[in-house]
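K.L.:
fold the following and give me the result.
(one chain, ligands or ions: 2)
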Amino acid sequence: MYHYSNFDHKFVAERVAQFRAQVTRRLDGSLSEDEFKPLRLMNGLYLQLHAYMLRVAIPYGTLNSRQMRQLAMIAERWDKGYGHFTTRQNIQFNWPKLEDVPDILQALADVEMHAIQTSGNTIRNVTADHFAGAAADEIADPRPIAELIRQWSTDHPEFQFLPRKFKIAVTGSPHDRAVTQAHDIGLRMTLQDGLRGFEVIVGGGLGRTPMIGKTLSPFVPLEDILPYLEAVVSTYNLLGRRDNKYKARIKITTHEHGIDDIKQRIEAQFSKINPLFTGEDMHILKEIERHFEPPNFKPANPPVEALSTTSHTPAFRAWLDTNITPHKVPGYAIVSVSLKKPGTTPGDASAAQMRALADIARDFGHEELRISHEQNVILPHVHRADLPQVYHALRQADLATANIGLISDLIACPGMDYCALATARSIPVAQQIATRFHALKLEHDIGPLKLKISGCINACGHHHIGHIGILGLEKAGVESYQITLGGDAGADAEIGTRAGPGFGADEIVPAIERLLLGYLQLRIDRSESFLAAYRRLGLAPFKALLYPQARKAA
Ligand code: HEM
Ligand code: SF4
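P.N.:
Ligands and ions are numbered 1, 2, ... in the order given. Okay, the predicted model is just below:
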């Protein structure tokens, strides 16, 4: 993985020193909270409902054991012993004391991490496929280009005050696990005549006006990608609306001007900018690629079949069924570690769990870890012969929940429990749904299902692109949960359709239960997933399941 250059070390160290001085001035009263706000936001420090919240970037979701161990240390020493992994491959610490934040940033710098540009109207943490470098279906590892984009966008002098925040996601696989169509820019690696390049998608986003991104160019060759991105962002910087923050994202710029007009402007800008890029970026990329050389994989012995012997417990076999994904190297597997044990807060990990993950990655995973946008942790390179030991070690750390891709593997934003913008709670709803379906023992029968919950229209919990989405709102002082159906985050992403009026806090879990028990009756057979059944049958039968009173009244 990437290791900081001298420049990176110096840059991050300078930022920590600057922020330490700013915090000192805030604490002695020479800066008011209003004056301090833009300074703290440049370093990922938010003020939330109960406390400051520090958002730390995990670039393209990649961590090594040492970094994970440091996150555990920070959680234990300066927070309440846990951290929250988010849908943007960041980790959030919910309870830091202001006076400790400079030390936390120093501890992060010590392991080549930072919180820069995790807030503000800047290019945010670049996200990528969480199976990058390991996925069997990958054209090439997307992380070198993601790292190049991180270096280009960090402290980019022109892009520190964009009209609004700007999010870029990259995938190297045709199977899109990075939700590229719900980002300001999505990059999908493709090959043309054997040459590597990217389909560039623009104007996707969730929030109060969800939009699926549109293809700006079906193929931009690799060597043109940085000037092309510069052309997109600089065009948006001039054209994007600054009069209304709800209309400021590039999705609205694209919508208002039309994709053809935007494309024309971007291409004109690209022809101006391109000659200024002398190819130095490609030299830097070559250098970066060396950091992403695959680890020293072990031979594919013993044979893969060794795992399917009956000597293993049903619990282990269930875990193999749900939490393992094929690896590009024979004999290896990708292990997804669920942070969604029913009843817990989705995405939270305790310091002890983070340490256990760091140890398992050291002992069985070539020191590598990933964070997924689905708020889980990935061990990307595990030899299949080590899977029983990995499972055992995960069990010891209470991390062996076998539910990846099932209903209890749901996404939820922090909602009213932490977030100052929330209109409803999302964590308790997530916990209740997971606990209920775990008790019903129907999860495996229901099969693949993406349920996503947000605590307000900002949609941090991705509810629009859940097969089932839940949006928590407030109506006359009471929480109300709106359900959307048929959304999807895959290669042909879709925004879900609102099913009808919202449900009260005590009605939402029974409503989801009616919906899914009904689906079990409606599907052709076990092979027809919830989403497939919805696509075949449309909204009506599912709506009838959600609102049986309306059917009776009719
Ligand atoms: C707790 C403090 C947070 C605040 C104040 C906050 C604020 C916001 C706002 C205002 C938006 C809407 C932006 C727009 O439509 O232009 C948004 C979108 C989003 N946020 Fe958050 N958020 C927070 C936490 C999170 C967390 C914890 C996650 C990950 C779990 C997250 C991930 C996202 C995502 C994925 C989107 C939608 C994608 C898009 O930008 O279109 N946010 N957030
Ligand atoms: S969706 Fe709303 S409640 Fe949830 S984290 Fe985002 S801003 Fe907060």
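
K.L.:
list the contacts of the closest residue to A397 other than its chain neighbours.
P.N.:
Distance criterion CB to CB, 6 or more residues apart in numbering; nearest residue to A397, sequence neighbours excluded, is A356 at 3.5 Å. The C-beta positions use only the backbone N, C-alpha and C, and glycine is treated the same way. Contact partners of A356, counting by CB atoms under 8 Å, 6 or more residues apart in numbering, are 393-394, 396-397, 399.

K.L.:
three-state assignment of A356?
P.N.:
Put simply, A356 is helix when judged by DSSP: H, G, I helix; E, B strand; the rest coil.

K.L.:
which elements pack onto the host helix or strand of V170?
P.N.:
Using DSSP states H and E, V170 maps to strand 168-171. Packing partners of strand 168-171 (3 or more CB pairs under 8 Å, 6 or more residues apart in numbering; DSSP states H and E): strand 127-128, helix 143-153, strand 185-192.

K.L.:
run through who's touching the longest one.
P.N.:
Think helix 143-153. 1-2, 59-60, 62, 117, 122-123, 125-128, 132-133, 159, 168, 170, 187, 198, 222, 225-226, 229-230, 281, 284-285, 288-289, 291-292.

K.L.:
tell me, how many residues neighbour whatever residue of the stretch 251-400 of the chain ends up closest to ligand 2?
P.N.:
With distances taken as CB to the nearest ligand atom, the stretch 251-400 of the chain approaches ligand 2 most closely at G347, which sits 11.3 Å away. When neighbours are defined as other CB atoms under 10 Å, G347 has 26 of them.

K.L.:
same question for S527.
P.N.:
A count of neighbours around S527, defined by other CB under 10 Å, yields 8.

K.L.:
that one belongs to a helix?
P.N.:
No. Using three-state DSSP, the secondary structure at S527 is coil, not a helix.

K.L.:
pLDDT score assigned to it?
P.N.:
With respect to pLDDT, S527 has a value of 96.

K.L.:
need phi/psi at it.
P.N.:
Backbone torsions of S527, given as degrees, to the nearest 10, read phi -80, psi -10.

K.L.:
if I pick it, what's in contact with it?
P.N.:
Contact partners of S527, counting by CB under 8 Å, 6+ apart, are absent.

K.L.:
correct me if wrong: A491 contacts P174.
P.N.:
Yes. Counting by CB atoms under 8 Å, P174 is a contact partner of A491 at 6.8 Å.

K.L.:
quick check: residues of the stretch 301-450 of the chain near ligand 1?
P.N.:
Counting by CB under 6 Å from any ligand atom, the stretch 301-450 of the chain comes close to ligand 1 at 413-414, 418-419, 421.

K.L.:
what's the mean pLDDT across stretch 410-427?
P.N.:
Mean predicted confidence for stretch 410-427 is 92.

K.L.:
and that stretch, end to end?
P.N.:
Its start and end residues considered, stretch 410-427 measures 10 Å (CA to CA, to the nearest Å).

K.L.:
ok, how many other residues are close to the residue of the stretch 151-300 of the chain found nearest ligand 1?
P.N.:
Taking CB to the nearest ligand atom as the measure, the point where the stretch 151-300 of the chain comes nearest ligand 1 is G207, at 2.2 Å. Residues lying near G207 (other CB under 10 Å) number 19.

K.L.:
that one: what secondary structure?
P.N.:
G207 is classified as coil under three-state DSSP.

K.L.:
right, and L471 touches S454 too?
P.N.:
Yes. L471 is within contact range of S454, at 5.5 Å (criterion: CB under 8 Å).

K.L.:
of these two, who's got more company?
P.N.:
Neighbours were counted for L471 and for S454 using other CB under 10 Å; S454 has more, 31 against 27.

K.L.:
so for the more buried one, what's the pLDDT?
P.N.:
pLDDT for S454: 96.

K.L.:
any weak-confidence spans in this structure?
P.N.:
300-311, 551-554 (pLDDT under 70).

K.L.:
which helix of it spans the most residues?
P.N.:
The single longest helix within the chain, with elements called by DSSP state H, is helix 6-27.

K.L.:
just the CA trace of that helix, in PDB.
P.N.:
As requested, the backbone C-alpha atoms of helix 6-27 are provided in PDB (Å, rounded to 0.1, in the frame of the first residue of the first chain):
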ATOM      1  CA  ASN A   6       8.900  13.200   2.600                       C
ATOM      2  CA  PHE A   7       6.600  15.800   1.100                       C
ATOM      3  CA  ASP A   8       3.500  14.100   2.600                       C
ATOM      4  CA  HIS A   9       5.000  13.700   6.000                       C
ATOM      5  CA  LYS A  10       6.000  17.400   6.000                       C
ATOM      6  CA  PHE A  11       2.700  18.600   4.700                       C
ATOM      7  CA  VAL A  12       0.700  16.600   7.400                       C
ATOM      8  CA  ALA A  13       3.100  17.600  10.200                       C
ATOM      9  CA  GLU A  14       2.700  21.300   9.300                       C
ATOM     10  CA  ARG A  15      -1.100  21.000   9.300                       C
ATOM     11  CA  VAL A  16      -1.000  19.400  12.800                       C
ATOM     12  CA  ALA A  17       1.200  22.200  14.100                       C
ATOM     13  CA  GLN A  18      -1.100  24.900  12.600                       C
ATOM     14  CA  PHE A  19      -4.200  23.200  14.100                       C
ATOM     15  CA  ARG A  20      -2.500  22.900  17.500                       C
ATOM     16  CA  ALA A  21      -2.000  26.700  17.500                       C
ATOM     17  CA  GLN A  22      -5.600  27.300  16.400                       C
ATOM     18  CA  VAL A  23      -7.000  25.000  19.100                       C
ATOM     19  CA  THR A  24      -4.800  26.900  21.700                       C
ATOM     20  CA  ARG A  25      -6.300  30.100  20.600                       C
ATOM     21  CA  ARG A  26      -9.800  28.700  20.700                       C
ATOM     22  CA  LEU A  27      -9.300  27.400  24.200                       C
END
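
K.L.:
in it, what counts as buried?
P.N.:
Buried residues in helix 6-27, counted by 16 or more other CB atoms under 10 Å: 8, 11-12, 15-16, 19, 22-23, 26.
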